[in-house]
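Undergrad: my questions are about this predicted structure, shown below with the sequence.
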Amino acid sequence: MIGQAREIDDGATLDTDVCVIGSGPAGLALAQRLERQHDVLLLESGGFEGEEAVQSLYRGTMLGRPYHPLEVCRQRFLGGSSNCWGGLSRRLGAEDFVARSWVPQSGWPLSGADLEPWYAEAETFLDLRGPGWDPEQWSFGSKGPWPITDPRLRSTFLKVNPLRLGTTMRPWLEQSRRVRTVLGASVVDIRLDATATRVERLAVRRSHGEGGFAVRARRVVLACGGIENARLLLVSNTVQPLGVGNTHGLVGRYFMEHLNTDFEGLLLGSPNLPDGSFYLRQTVHDQQLWGCFELAADVREREGLLAAAMVLLPGQPDLLMEALRRTIADTDNPGAALAANPVIVSLGTASEQAPNPESRVVLSAERDRLGVPRVALDWRLTEQDQRSLARTHAIFAEAIAYSGLGRVKVTQLPGRPFPEHTHGGRHHLGTTRMHQDPRLGVVDANAKVHGVDNLFVAGSSVFPTGGAANPTLTIVALARRLAAHLAEAT
Amino acid sequence: MNRRELLLLAAAFLLSCRAQVPALAPRQFLDAAREIGRLWLATSGRGEKESTLARDLFEGVEASAAAEVEAHLRQLHLADLAASRTTTVQGWVLSLTEARLYGYLASA
């Protein structure tokens, strides 16, 4: 059933088995699976549609690099940020879970194999279709990946299905007897008991108007998004002055993004360049795909690079391109006719940001309409992030030329600062990072907040390392895994 | 191999017009290669001379057949790329062999 916060008596206390805060991909994936064994209270701050009054609760300030306005890059209503999701899905690679000697603080307390069954569930949840994730498993015909002969570079793909989960799951939420959804309910405080080891109750304010109610739950799961999860822990400082789960000052730190540097390169195709449909969006096996490139894991290890995925975008020719078009026509394919219509595409990259404790979410002095301190984002990049991106582009360029596919123009060169238009993919990672050691992480491998027995975190804030894959599929897989853990722990 | 033969063989690599380079090589091809070469020579800071470029490109090549020179250059080109021996001209990533060839054509 779905209800409204205004229908609940002011000052009332709701008792439940599991309370999930937030109805985005993590919260909904969790609630749906928990429904098998538990009564669930699902609290959503917004309503069925986006509203300025509620969205403005997200406003914050910037202390570091310029970033998207915080009230724009996420959505606060039923379905959460699936309401602005591009639908791009890809699994993290097995290598993304492993600690890398060249990336300080990297690695997960899980392996790729640990997450495998939950990825399968997540793909069903997100209605991703077709065979697996190896291009060899698909029947592309002439529209497959380019023949890349340089072993440093490989083609892979994203599955694309931009579900609006608030819409697609609303009928289920309305029918559900065990999941009670309350809209317009903003959690403003997580109150611990006197021992600071259990959540005693949640203070909930009506997002519209005055008043509110309390929730007592056996287990509480924060699923408010990568920034809001940290905010709620930090503002809940009645019992623990630094906030909940923040004994070691880690909450809010390690904020990571996927760096988007679109149009940071051009690819000029050789005349023998095969059909490029694979790298545009095409539908195969009833599933839309978007081909992309990535460096082989052994190359990243050898070169000390972060993960990155490169896609092709519409491009504009530049001054030297005409001269190159005439020369590479023959260098790459002796005897071929000059390309009459050379392929000119831009290079877009989503690259991993190294974990960095100085990149963080903190509380600002300003408060929102409900009296909750707003956040200030201090997004910082490092020399390693820049060097890795520049070297990745260089290797991409070398591999494309080696394979006789064309030439690449790069603008991201070692030692240069990131271009002004470098921005994030609206992926908020790492602020409640997962680590078995409470001195190094906010949550453990089961996503339980260290030191608090009945508080868990779902969402990309638990990612200790970002990889380059778009995070929603992993968020959902982790949520399903957490739901199973909560069921086992009953 | 004299200077003119080297130039023609280099052009053959670019143009794959092999034995008939003078007849088949459209002027625009050579102009394009020279344009890139001039830019590279002007910006690479290497100050390389024609003789140095020719040595780097053709040293050890005994055959006078264009096809063999072409194969030699292609081997150098691929080896450069695999070993990241590259240079950039206005941001375009080229193998060092490619750039030298363009530079050679520009200065020859």
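TA: Thanks, I have the structure now.

Undergrad: now the residue of the stretch 51-200 of chain A found nearest chain B, nearest residue through space, not along the chain?
TA: When distances are taken as CB to the nearest CB, the stretch 51-200 of chain A reaches nearest to chain B at A:D150, 7.1 Å away. For the C-beta atoms, the positions are set from N, CA and C on the backbone; glycine is no exception. Spatial nearest neighbour of A:D150, chain neighbours left out: A:A399 (3.7 Å); criterion: CB to CB, 6 or more residues apart in numbering or on different chains.

Undergrad: would you map the helices across chain B?
TA: B:3-15, B:21-24, B:27-44, B:50-58, B:66-82, B:96-107 (DSSP state H).

Undergrad: ugh, wrong one, the stretch 301-450 of chain A
TA: A:321-331, A:383-402 (DSSP state H, counting those that start in this stretch).

Undergrad: mean pLDDT lowest for which of those helices?
TA: Ranked on mean pLDDT, the bottom entry among the helices of the stretch 301-450 of chain A is helix A:321-331, at a mean of 65.

Undergrad: partners of the lengthiest strand in chain A, with directions?
TA: Assignment by DSSP state E gives strand A:212-222 as the longest strand of chain A. Strand A:212-222 has its sheet partners listed here by DSSP bridges as strand A:13-21 (parallel), strand A:199-206 (antiparallel), strand A:455-457 (parallel).

Undergrad: reformat the ones you listed as a markdown table; add mean neighbour count and mean pLDDT.
TA: Output for the strands paired with strand A:212-222, formatted as a markdown table (neighbours: other CB atoms under 10 Å in any protein chain shown; pLDDT from 0 to 100):
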| stretch | mean neighbour count | mean pLDDT |
| --- | --- | --- |
| strand A:13-21 | 22 | 98 |
| strand A:199-206 | 22 | 98 |
| strand A:455-457 | 26 | 98 |
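
Undergrad: so where's chain B shaky on pLDDT?
TA: In the predicted model of chain B, residues B:1-29, B:62-66 satisfy pLDDT under 70.

Undergrad: what about chain A, any weak spots by pLDDT?
TA: Using pLDDT under 70, the flagged stretches of chain A are A:263-264, A:270-272, A:315-323, A:325-344, A:490.

Undergrad: what sits against the residue nearest in space to the middle of it?
TA: For chain A, the residue nearest the mean C-alpha position is A:P471 (3.2 Å; CA atoms, centre = their mean). By CB atoms under 8 Å, 6 or more residues apart in numbering or on different chains, the residues touching A:P471 are A:258, A:427, A:429, A:460, A:463.

Undergrad: tell me which residues touch the residue in the stretch 351-490 of chain A that chain B sits nearest to, please.
TA: The stretch 351-490 of chain A approaches chain B most closely through A:A397 (3.6 Å), counting by CB to the nearest CB. A:A397 is in contact with A:265, A:407-410, B:86, B:93, counting by CB under 8 Å, 6+ apart.

Undergrad: look up phi and psi at A:V284.
TA: phi -130, psi 140 (degrees, to the nearest 10).

Undergrad: what bridges to it?
TA: For A:V284, the beta-bridge partners under DSSP bridges are A:Q287.

Undergrad: that one: how many residues sit nearby?
TA: Using other CB atoms under 10 Å in any protein chain shown, A:V284 has 19 neighbouring residues.

Undergrad: ok, it touching A:W138?
TA: Yes - using CB atoms under 8 Å, A:V284 is in contact with A:W138, at 5.8 Å.

Undergrad: joint contacts of those two?
TA: Shared contacts of A:V284 and A:W138, counting by CB under 8 Å, 6+ apart, come down to A:G130.

Undergrad: go through the helix or strand that comes right after the longest strand of chain A and flag the buried ones.
TA: Downstream of strand A:212-222, the first helix or strand assigned by DSSP states H and E is helix A:228-235. Residues of helix A:228-235 classed as buried under the neighbour-count rule (16 or more other CB atoms under 10 Å in any protein chain shown) are A:228-235.
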